[in-house]
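1. starting from these lines, generate the structure:
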Amino acid sequence: MLLVIIIAVPLYFDIHLHSVFDLSKITILYVLTFAILAVWSIKTIMNCPSERHSRPDRQNRTEPTFNDQGISIQQHLKQPLILPILAFLFVSGFATVFSINPYLSLVGTYKRYGGFISTIVYISLFFIIVQFIDKKRLRSLINIIILTACLASIYGILQHFGMDLYQWSTSFSYGIRVAATFGHPAFFSAFLIMVIPLILIKIFSGQPVKSCHPSIPEKTGASPNFRCSTFLYLGILALLIVAFYYTKTRASFLGLLISNIFFFSLIGKNNLVANKTKAIVTITIIIGISIFFNVSDRTSVVGRFIDDVEPALLDSTESSPFLENSYKEVGIASKLKGSAFSRAFQYMTGLKIIHDYPVLGIGPETLGMIYPQYLAEVYREKKEYRGFENQNRIHSDFLDMAVSRGLLGLGVYLWFIFAYARMVWKGCKRACSSDKTLIIGLCASCLAYFIQNQFSFGHVPILTLFWFLIAMSVVASPVITSIPDGENAVTHKQGLTRWSDNLAIGRSAKYIFCGFIICLMILLITFSLFRYKADIYFEHGRRTLNKYEIKEAIQSTRRQYNIILYH
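-> A predicted model of the protein is given here:
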């Protein structure tokens with residue numbers, strides 16, 4: 001089911017929905033995650049010792065002390081990222097409770113679905129991957145992610161050349177900016193730059209290196225299969241970079257640039273020298289394709305940067321005193337255009353909201369409710385009278401975190417980033433060469449996400465992949481925890497045994513608990529499908545209304561209303 005999630009969430013969309021790319025993806029993510037949690041819970045309950053088997057053992061044992069029972073909890077809390085992730089979950093919960101609209105913060109806004117329930121689902125995925133994926137499965141999981149990106153890239157390139165099966169109503173201008181199966185070029189490009197470092201892992205991990213285990217002899221030479229796989233991944237790398245440049249997204253361009261510099265800087269000179277041919281070919285592919293798509297093209301990524309900033313450069317050279325005085329009065333924002341102008345006022349508006357809601361913020365997913373009044377206030381202060389555009393996200397990860405969860409949430413988020421960087425740094429120092437490449441590549445993927453997210457925001461497939469990568473980094477990074485030895489080891493083992501004895505469940509109770517979990521899973525999945533079905537009726541009613549089929553449109557709208565009412 002994890003494999004289905006990583007394939008279906010980025011690729012699946014339903015044209016019968018009005019929210020074609022958003023609701024379809026979040027629904028399949030909810031359904032599969034709830035199913036995994038149900039299976040995991042049932043397995044845990046069925047593996048608990050039955051009461052009649054554990055009772056004779058208990059008669060010969062003394063009652064466990066508090067210290068014995070706390071050993072297991074202490075060992076789990078020493079695992080990397082556990083405490084910051086749990087702290088982030090609790091802060092998000094408090095921000096939801098004290099939100100300006102708690103229900104909206106719980107379930108999320110239409111077409112965004114970033115409420116507290118989604119946060120629980122993403123964090124659940126993290127724990128599921130850490131629990132069930134080991135190092136042997138990591139590389140297979142990476143291959144599945146790369147395959148998914150390949151399929152999306154092929155579809156995106158076909159879109160660029162006008163060979164799409166569907167006629168989409170949304171236009172992203174700047175030439176043909178492709179969105180593939182993601183609904184927006186920014187989301188598609190963010191996914192691609194997070195996958196590209198995974199391809200680099202495959203390219204630079206293929207060369208036989210010194211074994212991670214002393215008992216395993218070092219391999220030498222390269223097999224024909226190895227050479228074929230290297231050419232395959234180099235071809236995939238070129239495919240993804242071409243598809244990326246067809247998105248013409250600036251935030252992701254910065255993420256791609258910085259993450260690649262990070263990867264090649266930390267992978268080590270020895271690794272690059274040992275793989276000299278691979279390094280030269282790989283860097284040539286990246287730089288060559290980048291130059292090809294950015295030279296003398298006003299619709300390129302670099303061209304979009306210039307178009308938004310160039311008015312400020314041109315205006316600064318004007319000699320008219322009237323123009324100079326007017327720009328001094330309204331500020332640099334008036335010299336910008338396009339999305340750069342919008343971003344500047346988003347950031348100023350976000351700072352005003354943080355000033356009024358400093359501790360826990362306004363709550364997740366509620367920005368659209370108060371953004372207009374705060375933006376109008378900023379407009380008045382800056383004497384701006386341009387067009388108005390409502391936003392439900394601040395296009396900056398840190399600012400959006402502070403707006404939605406307050407400075408407390410931002411502090412926990414920064415703690416999480418620091419804990420992740422510390423885990424990766426320690427993991428790289430302890431890891432052998434091949435594992436170090438794996439860790440650095442996973443870290444580069446997460447870094448690409450963080451960079452582009454400072455000018456954008458997370459979406460369902462991007463956040464899903466992000467939490468996959470975070471959990472995979474935990475699995476890849478070797479962790480050394482202090483385990484008691486000698487007499488303490490016996491006490492530790494007895495403490496764990498006694499703890500499990502206390503959790504002993506009778507056979508009938510097991511069946512009751514399992515039945516309850518199955519009913520709960522069915523209920524959660526049913527609720528997840530309610531809005532999916534309602535959206536289908538809404539879109540059907542909208543299409544029939546455009547065809548002037550009034551009676552059928554009214555019937556579809558009535559069905560949609562009944563579903564929402566019962567929900």
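
2. run the chain-centre distance for the longest helix seen in the chain.
-> Taking DSSP state H as the criterion, the chain has its longest helix at helix 507-546. Centre-to-centre, helix 507-546 and its host chain are 24 Å apart (Cα atoms, centre = their mean, to the nearest Å).

3. packing partners for that helix?
-> helix 23-47, helix 550-566 (3 or more Cβ pairs under 8 Å, 6 or more residues apart in numbering; DSSP states H and E). Yep, even glycine has a C-beta here, placed from its N, CA and C like the rest.

4. now the element after the helix or strand where residue 195 lies, going C-ward?
-> In the assignment (DSSP states H and E), residue 195 maps to helix 185-205. Towards the C-terminus, the helix or strand next in line after helix 185-205, according to DSSP H and E, is helix 224-247.

5. and the next helix or strand past that following helix?
-> Assigned by DSSP H and E, the successor of helix 224-247 is helix 250-266.

6. gap between the residue nearest the centre of the chain and residue 228?
-> If you average the C-alpha coordinates of the chain and look for the closest C-alpha using Cα atoms, centre = their mean, you land on residue 463, 1.8 Å from that point. Look at residue 463 and residue 228: by Cβ to Cβ, to the nearest Å, they are 35 Å apart.

7. residue 42 now?
-> In this view, residue 42 and residue 228 are 43 Å apart by Cβ to Cβ.

8. which of these two has more neighbours?
-> Under the criterion of other Cβ atoms under 10 Å, the comparison of residue 42 against residue 228 puts residue 42 first, with 17 against 10.

9. isn't the more buried one up against residue 514?
-> Yes - checked against Cβ atoms under 8 Å, the pair residue 42 and residue 514 is within contact range at 5.0 Å.

10. what sits closest to residue 440 if chain neighbours are left out?
-> Nearest-residue entry for residue 440: residue 266, 5.0 Å, with adjacent residues in sequence omitted and distances by Cβ to Cβ, 6 or more residues apart in numbering.

11. surely the one you found is in contact with residue 427?
-> No - contact criterion Cβ under 8 Å: residue 266 and residue 427 do not qualify, at 12.0 Å.

12. please identify which helix or strand holds residue 444.
-> Counting by DSSP H and E, the element that carries residue 444 is helix 433-453.

13. quick one: that helix to helix 250-266, angle?
-> Regarding helix 433-453 and helix 250-266, their directions subtend 160 degrees when assessed with axes from the mean of the first three to the mean of the last three Cα atoms, to 10 degrees.

14. and helix 433-453, what does it pack against?
-> Helix 433-453 is packed against helix 135-160, helix 185-205, helix 250-266, helix 397-430, helix 460-476, with contacts defined by 3+ Cβ pairs under 8 Å, 6+ apart.

15. repeat the analysis, applying 7 Å as the threshold.
-> For helix 433-453, the elements it packs on are helix 185-205, helix 250-266, helix 397-430, helix 460-476, judged by 3 or more Cβ pairs under 7 Å, 6 or more residues apart in numbering; DSSP states H and E.

16. most tightly surrounded among those?
-> Across those, the average number of neighbours (mean count of other Cβ atoms under 10 Å) peaks for helix 185-205, which reaches a mean of 27.

17. tell me what that one is packed against?
-> The helices and strands touching helix 185-205, judged by 3+ Cβ pairs under 7 Å, 6+ apart, are helix 135-160, helix 224-247, helix 250-266, helix 276-294, helix 433-453, helix 460-476.

18. got the ones you listed as a markdown table, with mean pLDDT columns?
-> Conversion of these to a markdown table gives the following (pLDDT from 0 to 100):
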| stretch | mean pLDDT |
| --- | --- |
| helix 135-160 | 92 |
| helix 224-247 | 85 |
| helix 250-266 | 92 |
| helix 276-294 | 90 |
| helix 433-453 | 92 |
| helix 460-476 | 94 |
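
19. report the buried residues of stretch 111-120.
-> Within stretch 111-120, the residues that qualify as buried by neighbour count (16 or more other Cβ atoms under 10 Å) are 111, 112, 113, 114, 115, 116, 117, 118, 119.

20. name the element the fourth one belongs to?
-> Element membership of residue 114 [criterion: DSSP H and E] is none; it lies in no helix or strand.

21. now do the contacts for it.
-> Residues counted as contacts of residue 114 (Cβ atoms under 7 Å, 6 or more residues apart in numbering) are 108, 364, 365.

22. between those, which sits nearest residue 271?
-> When the contacts of residue 114 are compared for distance to residue 271 (Cβ to Cβ), residue 364 comes out closest, at 41.6 Å.

23. which residues does that closest one contact?
-> Residues in contact with residue 364, defined by Cβ under 7 Å, 6+ apart, are 92, 95, 96, 105, 114, 115, 116, 404, 405.

24. using the three-state scheme, assign it.
-> Look at residue 364: counting by DSSP: H, G, I helix; E, B strand; the rest coil, its state is coil.

25. do you know how far it is from residue 415?
-> 18 Å.

26. average pLDDT for the helix holding residue 195?
-> Confidence for helix 185-205, expressed as mean pLDDT, is 93.

27. what do you get for stretch 40-57?
-> Predicted confidence along stretch 40-57 averages 69 (mean pLDDT).

28. could you do stretch 550-563 as well?
-> Per-residue pLDDT values across stretch 550-563 average out to 80.

29. so which bits of it are buried?
-> Neighbour count says stretch 550-563 has 553, 556, 557, 559, 560, 563 buried, by 16+ other Cβ under 10 Å.
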